[in-house]
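K.L.:
quick one, what's the 3D model for this:
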Amino acid sequence: MPILDTLCRSYQRLFRCSYPEEARLVELHSTGQTGQFLREYFDHEYAKGADSVARFGAFTEIPRGRALDFGCGAGGLTFRIAEACGESVGIDIESERYQVEFAEARARELDRGNVRFVCYGGGTPVPFDDASFDCAFCVDVVEHLPTPEKFVSELFRVLKPGGKLLLSFGPPWRHAHGKHLWTKLPGWWTHLLFPRRVVMRVGGYPEAATWEDLGMFRLTVGTFNRIMRRSGFERLYHDEKINSLLWPLKLVPWVRELFIAEVVGVYRKPAG
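P.N.:
Below is the predicted model:
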């Protein structure tokens, strides 16, 4: 086992983290600098949120009205959604309460009465009435859900007939960075090439830790597509992002999963 640990560490040194801003956030969070982390995380998500909203707006009309930001974190995207939709509600789980409380404070500080936040236990159902939103955003969240099919069903329930789900996530599990540990383990496909216990030790986690403990539920592109086909949603737009030089690999079963970096889609609840 020490040999595998050495190989894994040596393998990581062949790569470098190409996301310096996220490395900065990880450092702030891991060193307990919570206040500074929340401020920089909010700014990061607010800037990124403008791009997210604009990207969805490029291939669908974003409904005006009441919007849900599912998995809102510190609320940066929630604020951007309110700018596009008129009103937004961000929701996240109890373990992220400190982020939700920060977002609430920012809304009061900026006098944004069209933005509010909800913290809940993390199970299903979510605490909203049927048909209570005109659209829902779910950005970089679904891969961290233990039962994504149940949450997709809940998003279907809380949308009004004709309401839209604007969803993106990535990288999926089998992608080179599907483990979502760019800063600690930059090596491509480390999570597929080495045993889990080795990866955990080299990454600085308890040996017995599971991927689920780290919030990764191994969502693949194929599994997600099956969930959406069974969800009742109508597909308005769907794209599986891949390096342009590798696009023919999208046609190869299983192999395609190793290279698809992101899934982006717009789905509509039938109006009938």
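
K.L.:
tell me the mean pLDDT for the lengthiest strand in the chain?
P.N.:
As assigned by DSSP state E, the longest strand anywhere in the chain is strand 159-169. Per-residue pLDDT over strand 159-169 has a mean of 98.

K.L.:
show me what whichever helix or strand comes after that strand packs onto, helices and strands only.
P.N.:
Past strand 159-169, further along toward the C-terminus, the next helix or strand under DSSP states H and E is helix 190-193. Other elements packing on helix 190-193 under the criterion 3 or more Cβ pairs under 8 Å, 6 or more residues apart in numbering; DSSP states H and E are helix 2-12. Backbone N, C-alpha and C define where each C-beta goes, glycine included.

K.L.:
show me where the chain has helices.
P.N.:
2-12, 20-30, 34-59, 76-85, 97-109, 148-158, 190-193, 196-203, 221-230 (DSSP state H).

K.L.:
return the distance of the fifth one from the chain's centre.
P.N.:
So the one you mean is helix 97-109. From the chain centre to the centre of helix 97-109 is a distance of 20 Å (Cα atoms, centre = their mean, to the nearest Å).

K.L.:
which stretch in the helices of the chain is the model least sure about?
P.N.:
helix 20-30 (a mean of 85).

K.L.:
what's residue 43 in contact with, if anything?
P.N.:
Counting by Cβ atoms under 8 Å, 6 or more residues apart in numbering, residue 43 touches residue 76.

K.L.:
report the central residue of this protein.
P.N.:
residue 140 (1.4 Å; Cα atoms, centre = their mean).

K.L.:
which pLDDT value goes with that residue?
P.N.:
So, for residue 140, pLDDT stands at 96.

K.L.:
having no further points to raise, I will conclude here.
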